[in-house]
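Novice: Quick one: sequence and predicted model below, then my questions.
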Amino acid sequence: MNPVFFRPRLQALACALAATFPAFVLAQAAPQLPEMVVTANRTGQSLTDALPHTTVIGREAIERSQAVDLASLLANEAGFQSTQNGGRGTATSLFLRGSASTGVLVMIDGVPLTKQDATGTVSLEHIMLDQIERVEIVRGNVSAIYGSGAIGGVIQLFTRKGQGAPAGYAQLEAGSFHSARASVGYGGQIGDTRFSLGIAGHTTRGISAMNTIQYPNENPDADGYRNLNYNLSLSQLLAPGQTLGLRAQGAQGDFDTDGGGYGTPTDIYTGASKLGSVALFSHNQITQDWRSELTLSQGRERSTYNADQTSWPYNSQATTRNRTLNWTNVIGWSGWQLTLGGERQLQSIDTSDSTATTLNADRGVTSLFAGAATTRDAHSLQLNVRWDDASGLSPKTTGYLGYGYQLSPAWKAIASLSSAFNLPPLGYLYDPFSGNPQLQPETARSAELGLQWAQGPNVVRATYFNTQTDNLMLYDFNSYSFSNVARTANQGLEVSASAQAWGASWQASFTAQNPVNETTGQWLVRRARTMASLGVSVPWGDWLLGANVRYTGERPDTVGRPMLPAYAVTNVTARYALRPDVALTARVDNLFDRSYQTAWGYNQPGIGAYIGIVWSQK
């Protein structure tokens, strides 16, 4: 796609979408409390006040979607695209604004999840939604707020926390591919104590990970998956404004897979990943205008791989840890909201395999950050700056400057400039087979222009972005090691919309982008130039009926493989309230049984039907 023609078409489309959608829902707008977010600026603010392009998926929306895992939920969001090496539980990567998973920071309750092995990507395929209360997505360069890894944006997951009178919940579901899942939990508030405890399990026989037409020598058997996840939250109000608490969550996923093109029809490959995080926190209202939050946390992931029952026996393990001490202060001063703080991270990796090859490495990252935000009349301003010093690498300073102008009560224009960086995972640097100690951090610069329309529960936002990334980290198939690409660029338009009209809830997204390697002029692999989704949820008596259509355009796979064709997938859902606290659920995934691949040679599930029952104590 020629950039000369690409930009004006995006701008025209943004104007058309922004102008027509409000007219559609204007008469349907109803008074509603504004959605609150914390990720866009580390402090609580209305969603419509956030200057970075931010969207929220609350628990109600998660339940309406009947999505099982995080990747399935995010697939309908603007700017997102996922690839998966087979069915549920197989290796999954997310692209956000063209940035791969290594350039998208994932957090759980403020704890950063980073992985330091040679994949460099958090095992998103094992994050189920049973324990998740809400998801906040901030797009674009926000390293000035959160540090390394936030080139494409930030995904922050908030786990269930007890509130109100203690109550329980439970769910059972079964369906295609011999799939079953169950969850149960209990939480609430007793006096000054808040608590929540949940546990859930998933199992599926699955599908064959690899396509035996494209790879005839791979084992055609079904590759199953098992997942067990939990969440624990406990907090105590010690005195007015003084809270001490503990949060812990984790998941273990056991999976079967295929040999990646190097297997035989009798080979059996298995693996497991155990993810977990724990955090101790103290929230303290020092004065009326000064709130302090101190958090000590650890994120850990242990991955094992077993190919002992193959023609080339092999097994390995890798354990990565990220220990973090974070102190954040939010101070109100003369109409400004100031954010000041510091952070210390200790990152480590420990690997071994059956060939006696090992890797033990660690590093420290010291960070200081500050932010200032204000709203004066029609003007909104946000400024963030952060300094990060990782041992063995040069310190990085990043910044964010955002400005919003309220054109009318419903319309807002937004502009921003930002910079970001991404540290090489320790495995990228020191892995005995593919490491490159000379690898440099990725750095990025981004400019954005946005237009937002908001009235009642209806929010539409169109954002034009232009991002340049230097030293993109990629695996070099010529040197068999990681290397830096001189420069990549991505410019595009993303539109997100959430509205209530004609008695139904609507969600829509659209992304058009042009991710290229500016050094070679080539289209970046597996990044689609066009993506879109449209979803609707319609109440009808005791029924709640839903449908969603998701489209992903064509995109190139790795060198030497053909172009991956465009595809569209339709899912439908239904929910019937037997009584106020019990409901029956049903859904059909891939309704029209489309055959498609997100990575060449790897299968995706065909049509699947599921039924279940949900209990939520009132």
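Specialist: Cool, the structure landed.

Novice: Quick check: which element contains the spatially most central residue of the chain?
Specialist: Closest residue to the average C-alpha location of the chain: I155 at 4.2 Å, with C-alpha atoms, centre = their mean. Secondary structure assignment for I155, by DSSP states H and E: strand 153-159.

Novice: Now that strand: average pLDDT?
Specialist: Per-residue pLDDT over strand 153-159 has a mean of 96.

Novice: contacts for that strand?
Specialist: Identification of contacts with strand 153-159 by C-beta atoms under 8 Å, 6 or more residues apart in numbering yields 38-39, 70, 74, 79, 96-97, 99, 104-110, 127, 131-140, 142, 145-146, 196, 231, 233, 247, 249. Every residue, glycine included, has its C-beta placed from N, CA and C.

Novice: What about these, which are in strands?
Specialist: 96, 104-108, 132-139, 196, 231, 233, 247, 249 (DSSP state E).

Novice: Any quick PyMOL command for the buried ones out of the residues you listed?
Specialist: Buried residues among the ones in strands among the contacts of strand 153-159 (16 or more other C-beta atoms under 10 Å), as a PyMOL selection:
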select buried, resi 96+104+105+106+107+108+132+133+134+135+136+137+138+139+196+231+233+247+249
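
Novice: R344 - nearest residue in space that isn't next to it in sequence?
Specialist: Nearest non-adjacent residue to R344, counting by C-beta to C-beta, 6 or more residues apart in numbering: L325, 4.8 Å away.

Novice: Only alpha carbons, please: show the helix or strand harbouring the one you found as CSV.
Specialist: Using DSSP H and E, the element containing L325 is strand 315-333. C-alpha atoms of strand 315-333 as CSV (Å, rounded to 0.1, in the frame of the first residue of the first chain):
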residue,chain,number,x,y,z
ASN,A,315,13.5,-31.7,27.1
SER,A,316,14.1,-28.3,28.7
GLN,A,317,12.9,-25.9,31.4
ALA,A,318,13.0,-22.2,31.9
THR,A,319,12.1,-20.1,34.9
THR,A,320,11.9,-16.3,34.8
ARG,A,321,11.2,-14.0,37.7
ASN,A,322,10.5,-10.3,38.0
ARG,A,323,10.6,-8.9,41.5
THR,A,324,9.4,-5.3,41.8
LEU,A,325,9.3,-2.6,44.5
ASN,A,326,7.1,0.3,43.4
TRP,A,327,6.3,3.5,45.3
THR,A,328,3.8,5.8,43.6
ASN,A,329,2.5,9.1,45.0
VAL,A,330,-0.5,11.1,43.7
ILE,A,331,-0.6,14.7,44.9
GLY,A,332,-3.3,17.3,44.2
TRP,A,333,-1.8,20.8,43.9
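
Novice: residues of the helix or strand hosting F482 that come out buried?
Specialist: Per DSSP H and E: F482 is located in strand 481-501. Within strand 481-501, the residues that count as buried by 16+ other C-beta under 10 Å are 481-485, 488-501.

Novice: could you pull out the helices for the stretch 351-500 of the chain?
Specialist: Remark: helices assigned in the stretch 351-500 of the chain by DSSP state H, counting those that start in this stretch are 426-430.

Novice: Can you name the element that comes right after the strand holding I155?
Specialist: For strand 153-159, the following helix or strand on the C-terminal side (DSSP H and E) is strand 167-175.

Novice: Quick check: neighbours of that following strand in the sheet, parallel or antiparallel?
Specialist: Sheet pairing for strand 167-175, assigned by DSSP bridges, gives strand 179-190 (antiparallel), strand 608-616 (antiparallel).

Novice: Quick check: buried residues in the last one?
Specialist: Neighbour-count burial for strand 608-616 flags G608, Y610, G612, V614, W615 (criterion: 16+ other C-beta under 10 Å).

Novice: so the fourth one touches P580, yeah?
Specialist: No - applying C-beta atoms under 8 Å, one finds V614 not in contact with P580, separated by 11.9 Å.

Novice: Quick one: neighbours of the nearest residue to V559 once chain neighbours are set aside, just the number.
Specialist: In this structure, V559 finds its nearest non-sequential neighbour in F477, 6.8 Å apart by C-beta to C-beta, 6+ apart. Neighbours of F477 under the rule other C-beta atoms under 10 Å: 10.

Novice: Would you report the backbone torsion angles of F477?
Specialist: Dihedral pair for F477: phi -70, psi -10, per degrees, to the nearest 10.

Novice: Give me the pLDDT for it.
Specialist: pLDDT for F477: 82.

Novice: quick one: it and F433, what's the gap?
Specialist: Counting by C-beta to C-beta, to the nearest Å, the gap from F477 to F433 is 13 Å.

Novice: Distance across stretch 311-318, terminal residue to terminal residue?
Specialist: With C-alpha to C-alpha, to the nearest Å as the measure, stretch 311-318 spans 23 Å from end to end.

Novice: likewise stretch 420-429?
Specialist: End-to-end span of stretch 420-429 (C-alpha to C-alpha): 20 Å.

Novice: can you check stretch 97-109 too?
Specialist: The straight-line separation of the ends of stretch 97-109 (C-alpha to C-alpha) is 23 Å.

Novice: Same question for stretch 285-293.
Specialist: Start-to-end, stretch 285-293 (C-alpha to C-alpha) is 9 Å.

Novice: How far away from the center of its chain is it?
Specialist: Stretch 285-293 has its C-alpha centroid displaced from the chain centroid by 30 Å (C-alpha atoms, centre = their mean, to the nearest Å).

Novice: pLDDT (mean, whole number) over it?
Specialist: Stretch 285-293 shows a mean pLDDT of 97.

Novice: what does stretch 118-137 give?
Specialist: Mean pLDDT, stretch 118-137: 93.

Novice: now the residue nearest to the centre of the chain: how far from M36?
Specialist: 17 Å.

Novice: how near is Q337 to N384?
Specialist: Distance from Q337 to N384, by C-beta to C-beta: 12 Å.
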